[in-house]
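>>> just need the structure, nothing else, for what follows:
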Amino acid sequence: MTIELHPGERLDELNRNGYKIIQDEKKFCFGMDAVLLSGFASVKEGESVLDLGTGTGIIPILLEAKTKGKHFTGLEIQKESADMARRSVAYNHLEEKISIVCGDIKEADKIFPAASFDVITSNPPYMTGSHGLVNPDLPKAIARHEVLCTLDDVVRQAAKLLRPGGRFFMVHRPFRLSEIMCTLTGYKLEPKRMRLVYPFADKEPNMVLIEAHRGGRPRITVEKPLIVYREPGVYTDEIYDVYGY
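Residues are numbered from 1 along each chain as shown. Predicted coordinates:
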């Protein structure tokens with residue numbers, strides 16, 4: 001399919017079903033965290049999925065390729081990112097499976113009916129105003145820092161939009177783990193599964209993958225560590241598998 005690329009945009013391979021995605025490195029390109037979240041999240045046949053803060057649509061596109069979910073929706077506040085996501089969906093002929101909605105996470109419960117999704121995913125901004133330097137390039141700052149939404153906003157909306165027993169999957173930073181757990185349980189999203197991601201086996205973890213259930217009973221499984229690199233520049237076999245190489 002012929003698709004218009006705007007100045008600065010490129011079409012990148014996803015190594016899944018021949019799919020490609022439009023990105024602009026001057027704005028924001030998806031990272032390993034999004035790919036790992038797509039591998040951690042479980043979507044059953046016939047389920048409906050919402051991705052909060054979808055960016056250029058990477059998570060819905062990967063989940064459509066990897067699972068048998070019925071329909072995938074991405075919510076994105078930045079118009080340019082949402083436009084890239086829509087064009088990527090069209091390029092991959094996924095218009096009947098994936099919808100991209102331009103809107104504010106904080107208003108998600110006004111955009112979608114309550115308890116209308118089986119699964120919700122999110123790769124939210126990690127940094128608060130006091131953590132790290134805010135990128136002077138606004139699109140990247142919005143993606144990385146809590147400029148337009150907070151952890152509380154994301155979890156609150158997920159709790160409203162998940163059906164009872166529905167599952168919430170999120171990737172975040174371990175240094176905020178205490179806050180994450182308190183926020184989840186505060187909105188009756190019970191943490192059920194957690195996996196820490198380590199860049200190297202002898203380094204501290206730099207990502208955490210979490211699954212929580214709406215109205216679930218207290219009991220969490222901590223999975224074995226996920227190691228990214230076997231040696232500098234060489235992924236572990238599990239990472240190659242997640243990427244589809």
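>>> contacts for stretch 29-43, please.
For stretch 29-43, contacts defined as Cβ atoms under 8 Å, 6 or more residues apart in numbering pick out 12, 21, 23, 49, 55-56, 58-59, 62-63, 66-69, 118-119, 121, 123, 167, 169-171, 195, 197, 207, 209, 211, 226, 228, 242-243. Quick note: C-beta positions are derived from backbone N, CA and C, even for glycine.
>>> buried among these? Make that a ChimeraX selection.
A single ChimeraX command selects the buried members of these (16 or more other Cβ atoms under 10 Å):
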select :12,21,23,49,55,56,58,59,62,63,66,67,69,118,119,121,123,167,169,170,171,195,197,207,209,211,226,228,242,243
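>>> any stretches of the chain with poor pLDDT?
The chain contains residues with pLDDT under 70 at 1-2, 126-148, 245.
>>> which residue ranges form the strands in it?
Counting by DSSP state E, one finds strands in the chain at the ranges 10-13, 20-23, 48-52, 71-76, 98-102, 117-122, 162-172, 189-198, 207-214, 221-222, 226-227, 229-231, 234-235.
>>> need those strands in TSV (columns: distance to A82).
Below are those laid out as TSV (distance: least, Cβ to Cβ, whole Å):
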stretch	distance to A82
strand 10-13	17
strand 20-23	12
strand 48-52	12
strand 71-76	4
strand 98-102	4
strand 117-122	16
strand 162-172	21
strand 189-198	26
strand 207-214	25
strand 221-222	35
strand 226-227	30
strand 229-231	33
strand 234-235	31
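>>> show me the longest helix that occurs in the chain.
What stands out as the longest helix in the chain, according to DSSP state H, is helix 79-91.
>>> for it, packing partners?
When contacts are defined as 3 or more Cβ pairs under 8 Å, 6 or more residues apart in numbering; DSSP states H and E, helix 79-91 sits against strand 20-23, helix 58-66, strand 71-76, strand 98-102.
>>> buried residues in that helix?
Buried-residue list, helix 79-91, by 16+ other Cβ under 10 Å: E80, S81, A82, D83, M84, A85, R86, R87, S88, V89, Y91.
>>> ok, now stretch 173-182?
For stretch 173-182, by 16+ other Cβ under 10 Å, it's P174, R176, L177, I180, M181.
>>> repeat for stretch 216-232
For stretch 216-232, using 16+ other Cβ under 10 Å, the buried residues are G216, L226, I227, V228.
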